[in-house]
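Novice: Coordinates for the following, if possible.
(one chain, ligands or ions: 3)
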Amino acid sequence: MHVLNKNILSQIITARPAESHKGSYGRVLTVGGNTQFGGAIIMATSAIIHSGAGLSTCATSLDNLTALHTIVPEAMFIPFDSEYKLIDAISSADIILVGPGLGVDENAIRILQTILQHAIPQQQLIIDGSAITIIADHHEFFPLLKKLHPIFTPHQMEWQRLSGLKISEQDDIKNTLYQQQLQATVVLKKNHTTIYHRDGSISQLAIGGPYMATGGMGDTLAGIIAGFLAQFKLKNYEYVVDAAVYAHSAIADEISKEKYVVLPTDIIADIQVFMKRWVAPHNK
Ligand SMILES: NC(=O)C1=CN([C@@H]2O[C@H](COP(=O)(O)OP(=O)(O)OC[C@H]3O[C@@H](n4cnc5c(N)ncnc54)[C@H](OP(=O)(O)O)[C@@H]3O)[C@@H](O)[C@H]2O)[C@@H](O)CC1
Ligand SMILES: Nc1ncnc2c1ncn2[C@@H]1O[C@H](COP(=O)(O)OP(=O)(O)O)[C@@H](O)[C@H]1O
Ligand SMILES: [Mg+2]
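Specialist: Numbers count the residues shown, from 1 in each chain. Ligands and ions are numbered 1, 2, ... in the order given. Take a look at the predicted model:
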């Protein structure tokens, strides 16, 4: 097991070559945000854009359009219940993040199925929130999932639903056994998040704390992971996931020195400055 430390930041965050454009930094599609949970997908999309992805499209309920464009006008929009627009957006994405605020109703299940049917293994699929809860109830999706080698970002109860392991039973041995069956990366979120990689290695977070316990904190993490993967295109993408998870809590730790609670939107507001500080010195 490897305990993550700040070195991972300057290993991953690199200076941008002059000869580049928005397409060089990745196209991300976010899918989620029903009428009840619009904030979740807006925070995820905002985190993606603030962490440096080149182009982001948000597939969400039409109810969220005005809020989305007010908060993050850099984002493009499609209505998530238009199947042909969703299929088109899937085909042009490098990274797809599905689940924040998606809900678990029939419409949500149909949307998730469309993504699983049309995504290809060359794209990176991140599955969070409601999408994990849906999959836990729909084992018929498993054959499609295995081909895609997704990144799951469950909290402990979502992992219980998906793996069948009660929270009290969740340890590295049992978690790894189930994660390896899924052929997926699992970012198991908790106090001191653990990351189970496909190659069997485990990364352990030792920073972050209870000042992060506010709704939307995981949606924001999923966005940072997507934003990092979109632009830092390493063959060993495990390190990019590690860096994103570390950065999310490192920003929270800094803010917590002055604030009693750290809001997801505080982290989003600080991420650009934080990343600038950690650009590898030899690359500045
Ligand atoms: N602003 C927005 O739009 C927001 C929208 N959101 C969206 O809502 C959707 C539902 O996601 P969800 O996480 O809120 O609900 P669910 O999956 O039922 O899990 C909660 C249950 O699990 C339990 N639990 C046990 N351990 C736990 C742990 N370590 N961490 C967390 N929970 C833990 C917990 O126990 P309890 O609190 O009762 O003790 C409770 O029984 C999803 O799409 C998400 O993206 C949210 O992001 C909020 C902001
Ligand atoms: N006590 C805590 N210590 C450290 N991190 C925490 C704590 N409570 C919550 N977090 C972090 O906040 C995030 C919560 O994720 P999640 O429950 O999915 O939030 P949401 O779905 O509301 O966005 C995770 O990154 C988790 O590690
Ligand atoms: Mg969540």
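Novice: What pLDDT is listed against the residue most central in space within the chain?
Specialist: Geometric centre of the chain, nearest residue: Ala222, 2.1 Å, by C-alpha atoms, centre = their mean. As predicted, Ala222 sits at a pLDDT of 99.
Novice: Equivalent analysis for Ala280, please.
Specialist: Looking at Ala280, the pLDDT reads 76.
Novice: residues contacting it?
Specialist: 10-11, 13-15 (C-beta atoms under 8 Å, 6 or more residues apart in numbering). All C-beta atoms are positioned from the backbone trio N, CA, C, and that covers glycine.
Novice: before we move on, back to that, any idea how far the nearest residue to the residue nearest to the centre of the chain once chain neighbours are set aside lies from Gly101?
Specialist: Nearest non-adjacent residue to Ala222, counting by C-beta to C-beta, 6 or more residues apart in numbering: Asp128, 4.3 Å away. Plainly put, Asp128 is 10 Å away from Gly101 if you go by C-beta to C-beta, to the nearest Å.
Novice: Which element, helix or strand, includes Ala131?
Specialist: helix 129-137 (DSSP states H and E).
Novice: And the helix or strand following that helix, what's buried?
Specialist: Using DSSP H and E, the next helix or strand after helix 129-137 towards the C-terminus is helix 142-148. Buried residues in helix 142-148, counted by 16 or more other C-beta atoms under 10 Å: 145, 148.
Novice: what residues are up against the closest residue to Glu238 other than its chain neighbours?
Specialist: Of all residues not flanking Glu238 in the chain, His197 sits nearest, at 4.6 Å (C-beta to C-beta, 6+ apart). His197 makes contacts with 185, 203, 238, 241, as judged by C-beta under 8 Å, 6+ apart.
Novice: May I have the phi/psi pair for the first one?
Specialist: I take that to be Thr185. Thr185 adopts backbone torsions of phi -90, psi 140, taken as degrees, to the nearest 10.
Novice: What is the burial count for it?
Specialist: Burial of Thr185 is recorded as 22 neighbouring residues (other C-beta atoms under 10 Å).
Novice: tell me the SS of Met186?
Specialist: Quick fix: residue 186 reads Val, not Met. Secondary structure for Val186, judged by DSSP: H, G, I helix; E, B strand; the rest coil, is strand.
Novice: Enumerate the beta-bridge partners assigned to it.
Specialist: In this entry, Val186 is beta-bridged to Phe152, Tyr196, by DSSP bridges.
Novice: Can you pull the residues of this protein lying near ligand 3?
Specialist: 129, 218 (C-beta under 5 Å from the ion).
Novice: hey, where'd the strands end up in the chain?
Specialist: Ranges of strands within the chain are 2-3, 27-31, 55-60, 76-79, 95-98, 124-128, 151-153, 185-188, 194-196, 202-204, based on DSSP state E.
Novice: Ser51: what's its closest spatial neighbour, skipping adjacent residues?
Specialist: That would be Gly227: by C-beta to C-beta, 6+ apart, it lies 3.2 Å from Ser51.
Novice: if we can go back for a sec, give me the buried subset of the contacts of Ala280.
Specialist: Applying 16+ other C-beta under 10 Å to the contacts of Ala280, the neighbour count classes 10-11, 13 as buried.
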